[in-house]
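Chemist: Here is my input, please return the structure:
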Amino acid sequence: MNENFDRAPGAGRSRTPQPVMNPADGDRFNPREPLRQPRTTPPLLDNNINTTSSSDLLAGGDTRRQTKPQPNTYNSSTAPSKGCNVDSLVESSNLSATAPEFVPAGFGYYEEPNSYDDADSEGYYNMPAITLSDMVEDILGHLSSSPGSFESDIDDIASTLNSWVTTEDMLKELVELIYTQSTAIQNFAYTGARLCNYLSHHLTISPPGGNFRQLLLKRCQREYEQRDVAVKGDKERQKQFHSYVLFLGELYLNLEVKSGKGPPTRAVILLAALRELMNCLLSNPVDANLICAVKLLKLTGSVLEDVWKESGKPHMEELIQRIETVVLDADCSRDVRQMLLKLVELRSSNWGRVLAAAAVSNATPDNDPNYFMNEPTFYTADGTPFTAADPEYSEKYQEILDREDDYFPDPYDENGDDSYDDEMDPEIEEAFESFCLDAEKKRHMQKK
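Modeler: Numbering: from 1, shown residues only. Model prediction:
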């Protein structure tokens, strides 16, 4: 095989003979094209750049073949001449194989601005400081979206607030934030009252202006003094006042005041405030005020009546009488009047409570009024509700079963008959038999 055979792709296909290197010439050879300039060489001068005219480009000529190397393209100190050898090139070079890094000529270092060292600058990485308002809003938002996590998270919340609230102004800001959230969102009133009760016992700060519970009651007192104006205000003002009234009711049920002699008790000052707020609402018997009064009594009626009975005060009787007068005389809607009558009926049944209930093991329908409390409610054909406590429960329940049989017949028979015809259609039966025969033939063919 020829030793000079060129294995490069496309070799030997050109009609022009390739130059052959002469060993006697050393490193010199006659290239057909100039070598590509190394990328690490300094930029060329404008007068040394070989340009191509637009006429040559339009003619479609090969610019590589037309370009000729210029004699002064390289620096004389680094560019090798035809007569120099490798050793002289290495000796004259400024490059070092032991250099830590290679830096091309003309390369400039980029220095990042040292903005984070300046305390007064607002650099990209400077984050805004978290304030007490932001942190409390996050806590209240978490409790509002996940009220079930109150018991598991309240210890951490109190510990965090103890580390943040260190001045009287910050304590006042905390009280205002919790009060605003509890009165702005009605469904948060219960959770807000529980939070207030826990913080009143676990916040360690107690400035001269008052502790958490005292500042909270002062904030409620300011709204209480505006009751006569708020109850007659516009729709938005009344809505804010009603949210405050319901939050105060939750606060009375959940806020505990410790005493040195006995167990914790409820705040007596809130008891008197609720009675005055109820009278204020009934004195202006518009629909919104009456609805708020009904909600407040459903929430706190049983507790208020027990406390007033123990002290021998007939305040609940007076409130019920005023409600009955409003039902007869006030110009309210029919739905609100019905709500007031239901409230009077609820109070006559001891607020739905059963004080003397039999033990679970001995409970029967005769001695335990709550025996059928968890039973489902059914409805007759005319819409009359009944439960298992109804004397005619068995007969009415059987009627429901019969009605369901009429409406939902046996799924196997479209006509509602109990019989089930398991015979197939003749065409389906014939197709099925043909399928079985074909399958049997295939099995015999596979065995053979």
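
Chemist: what are the ranges of the strands in this structure?
Modeler: Secondary structure of the chain by DSSP state E: the strands cover 256-257, 265-266, 378-379, 385-386.

Chemist: who's in contact with the second one?
Modeler: The list of residues contacting strand 265-266 from outside it, by CB atoms under 8 Å, 6 or more residues apart in numbering, reads 252-253, 255-257, 259, 307. Yep, even glycine has a C-beta here, placed from its N, CA and C like the rest.

Chemist: Go again with 6 Å.
Modeler: Contacts with strand 265-266, where a contact means CB atoms under 6 Å, 6 or more residues apart in numbering, come from 252, 257.

Chemist: any chance you could map the helices in the stretch 301-448 of the chain?
Modeler: 315-329, 334-348, 393-407, 426-447 (DSSP state H, counting those that start in this stretch).

Chemist: Please disregard the earlier target; I meant the stretch 51-200 of the chain.
Modeler: Under DSSP H, counting those that start in this stretch, the stretch 51-200 of the chain gives helices at 54-59, 63-66, 86-92, 132-145, 150-164, 168-184, 189-202.

Chemist: what's the burial count for Ala273?
Modeler: Ala273 is flanked by 21 other residues according to other CB atoms under 10 Å.

Chemist: Could you find the closest non-adjacent residue to it?
Modeler: Excluding its sequence neighbours, the residue lying closest to Ala273 (CB to CB, 6 or more residues apart in numbering) is Tyr224, at 5.7 Å.

Chemist: show me what contacts Gln238?
Modeler: So Gln238 contacts Ala288 (CB under 6 Å, 6+ apart).

Chemist: do the same with the one 4 residues further on
Modeler: Residues in contact with His242 (CB under 6 Å, 6+ apart) are Cys292.

Chemist: Ala99 is nearest to which of the helices of the stretch 301-448 of the chain?
Modeler: Nearest of the helices of the stretch 301-448 of the chain to Ala99, taken as CB to CB: helix 426-447 at 78.0 Å.

Chemist: follow-up on the earlier one: what pLDDT does the model give the residue nearest to Ala273?
Modeler: If you check Tyr224, the pLDDT there is 95.

Chemist: Let's have the helices of the stretch 51-200 of the chain in a markdown table, adding mean neighbour count, mean pLDDT and distance to Leu215.
Modeler: Shown next, in a markdown table, are those (neighbours: other CB atoms under 10 Å; pLDDT from 0 to 100; distance: least, CB to CB, whole Å):
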| stretch | mean neighbour count | mean pLDDT | distance to Leu215 |
| --- | --- | --- | --- |
| helix 54-59 | 9 | 40 | 86 |
| helix 63-66 | 10 | 43 | 87 |
| helix 86-92 | 10 | 67 | 85 |
| helix 132-145 | 15 | 92 | 15 |
| helix 150-164 | 13 | 94 | 14 |
| helix 168-184 | 19 | 95 | 5 |
| helix 189-202 | 20 | 95 | 10 |
